[in-house]
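A.B. asks: this is a predicted model, with the sequence first.
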Amino acid sequence: MLEPFAAVDVIRAKRDRNVLTDPQIDWVIDAYVRGVVADEQMAALAMAIFINGMNEHETVRWTTAMIDSGERMDFTHLPRPTVDKHSTGGVGDKITLPLVPVVAACGGAVPQLSGRGLGHTGGTLDKLESIPGWRALLSNDEMMQILTEVGGVICAAGDGLAPADKKLYALRDVTATVESIPLIASSIMSKKIAEGAGGLVLDVKTGSGAFMSQPELARELAQTMVRIGNDSGLRTRALITAMDVPLGWAIGNALEVQESVDVLAGGGPADVIELTLTLAREMLDLAGIDADPEKTLKDGSAMDCWNRMIRAQGGDPHAALPKAHEQQEVVATHSGMVTHMDALALGVAAWRLGAGRARKEDPVSAGAGITLHVKPGDLIEAGEPILTMFADDGARIPQALEALHGAIEVGPAHSTITRLPLILERITG
Ligand code: URA
């Protein structure tokens, strides 16, 4: 086949800060999937985009070309309105676990196609896989059946959805080209638009444990994604939320499942409950459902949906969760107020304990992670535990301790602390 462009010309155009044309974008994405554009050429183009950016039109076209590289799912025949959520990821971010059954219990259908974790943020599938018997891989028919009967499904995204993004994201991961707003926005939105839900709520994190640590960059990313979604017919909103401190008390796969179950049982940490309910309200509003999500946590209906969801995927919701073999506390060396707790350092420590993976093919430990006993603003006495580390392999504990060095500060009892509000901003268009 005679190719209409040469990759080197497209790379040169972006290197020299020109705007890529629609045919150039359509071709380069398609030719990359076909193997005509080589990895090293796409890596050079990704770096040129990373440095010189893409305007809004280019970003939308890039997204569309990635959607067109694969299949689109269709949920329009379902008896319930579909609405989805995506989080840009953070430490202790287990919100999807309680959120999906809450929205399902209110009458929505949530097709949550999730991924595994890489680096210091955990993956939803890794968390759920700590439940004995639970399986992430479903056929499209199984997924539709669970969505129809229960109203929520959390499973692995199939290979057919935006395959161009799959290939490009793996390449960006090893070429230091992940943290680019047009590339992140097009990557996330291509998958979400191809997934075919009727509405989407984005949880864009900011703070040390997030991709976009500065709030103004998080806002720009959120605005870009909301515009791409709404322009393509997917009703989209975003919340910018805090990730300066981990969410909840638990970081790590089985530990986070347990905390999510606590929330579904009507207990759990206040920040996890608040974020779950705030996102649920946005999702229900987009789906046109008038229901009180808080009620589902009190009357057991969200827990009932959770149990049915887990059982439908082979899991036993009542089985004991795996526990790590080794544990060690970190205690306060002096009394005072906890003034600082760095989400990124805690995420890295949990990852080193075995909760996360460095390479896609690495296994994760279900029981590994950290439970926090205090948060910034809490008072602590010398000798009291700040956190407990859990690992299957005790040899991992010193490396985790190294990551925690300087991450937690205890100041005078009357210190003033600055923390981001849990919900910083709401972006609707
Ligand atoms: N998540 C994605 O799916 N893509 C990105 O580029 C970054 C985060």
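C.D. replies: Looks like it arrived, so ask away. Numbers count the residues shown, from 1 in each chain.
A.B. asks: for the rest of this, base every contact and every neighbour count on C-alpha atoms.
C.D. replies: Fine.
A.B. asks: can you give me the buried ones in stretch 344-356?
C.D. replies: 344-356 (16 or more other C-alpha atoms under 10 Å).
A.B. asks: could you do stretch 217-228 as well?
C.D. replies: Result for stretch 217-228 [16+ other C-alpha under 10 Å]: buried residues 218-219, 221-228.
A.B. asks: which residues touch Ile397?
C.D. replies: 328, 352-353, 389, 391 (C-alpha atoms under 8 Å, 6 or more residues apart in numbering).
A.B. asks: ok, Gly252 next?
C.D. replies: 92, 122, 127, 350, 355-356, 366-370.
A.B. asks: apply 6 Å and report the result again.
C.D. replies: 355, 368-369 (C-alpha atoms under 6 Å, 6 or more residues apart in numbering).
A.B. asks: repeat for Met389
C.D. replies: Taking C-alpha under 6 Å, 6+ apart as the definition, contacts of Met389 comprise 327-328, 369-370.
A.B. asks: do Ala162 as well
C.D. replies: Counting by C-alpha under 6 Å, 6+ apart, Ala162 has contacts 66-67, 69-70, 191.
A.B. asks: so which of those are in helices?
C.D. replies: Secondary structure assignment by DSSP state H places 66-67, 191 of those in helices.
A.B. asks: before we move on, back to that, in CSV, list the buried residues of stretch 344-356 along with pLDDT and distance to Ala31.
C.D. replies: Shown next, in CSV, are the buried residues of stretch 344-356 (pLDDT from 0 to 100; distance: C-alpha to C-alpha, whole Å):
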residue, pLDDT, distance to Ala31
Leu344, 95, 37
Ala345, 97, 40
Leu346, 97, 41
Gly347, 95, 37
Val348, 95, 37
Ala349, 97, 40
Ala350, 96, 40
Trp351, 94, 36
Arg352, 95, 38
Leu353, 96, 41
Gly354, 95, 38
Ala355, 95, 37
Gly356, 90, 34
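A.B. asks: may I ask which two of those are separated the most?
C.D. replies: Spatial extent of the buried residues of stretch 344-356 (C-alpha to C-alpha) is set by the pair Leu344 and Gly354 at 15.6 Å.
A.B. asks: ok, the nearest residue in space to Thr82 that is not next to it in sequence to Val83 distance?
C.D. replies: In space, and not counting its chain neighbours, Thr82 is closest to Ala109: 4.6 Å by C-alpha to C-alpha, 6 or more residues apart in numbering. Note on Ala109: its distance to Val83, by C-alpha to C-alpha, to the nearest Å, is 6 Å.
A.B. asks: and which of the contacts of Gly252 is nearest to the ligand?
C.D. replies: Set against the ligand, the nearest of the contacts of Gly252 by C-alpha to the nearest ligand atom is Ala355 (19.0 Å).
A.B. asks: ok, the closest one - contacts?
C.D. replies: So Ala355 contacts 252, 364-365, 368-369 (C-alpha under 6 Å, 6+ apart).
A.B. asks: what does the stretch 301-429 of the chain have sitting close to the ligand?
C.D. replies: Within the stretch 301-429 of the chain, no position is adjacent to the ligand by C-alpha under 6 Å from any ligand atom.
A.B. asks: and the residue of the stretch 301-429 of the chain closest to the ligand?
C.D. replies: For the stretch 301-429 of the chain, C-alpha to the nearest ligand atom, closest residue to the ligand: Lys360, 14.1 Å.
A.B. asks: the chain too?
C.D. replies: Proximity of the chain to the ligand (C-alpha to the nearest ligand atom) peaks at Ile184, 3.5 Å away.
A.B. asks: which element is that residue on?
C.D. replies: Here Ile184, judged by DSSP states H and E, is contained in helix 181-195.
A.B. asks: check Ala13 too.
C.D. replies: helix 7-15.
A.B. asks: on that earlier part again, in helices, which of the contacts of Gly252 appear?
C.D. replies: Using DSSP H, none of the contacts of Gly252 sit in helices.
A.B. asks: in strands, which of those fall?
C.D. replies: Gly369 (DSSP state E).
A.B. asks: between the contacts of Gly252, which sits nearest Ala38?
C.D. replies: Ala355 (34.1 Å).
A.B. asks: which residues in the stretch 101-250 of the chain form helices?
C.D. replies: 124-128, 140-149, 163-173, 181-195, 215-231 (DSSP state H, counting those that start in this stretch).
A.B. asks: gap between the first one and the chain center?
C.D. replies: Shown here is helix 124-128, whose average C-alpha point lies 11 Å from the average C-alpha point of the whole chain (C-alpha atoms, centre = their mean, to the nearest Å).
A.B. asks: any residue of it up close to the ligand?
C.D. replies: No. Contact of helix 124-128 with the ligand is not found when judged by C-alpha under 6 Å from any ligand atom; the minimum separation is 12.9 Å.
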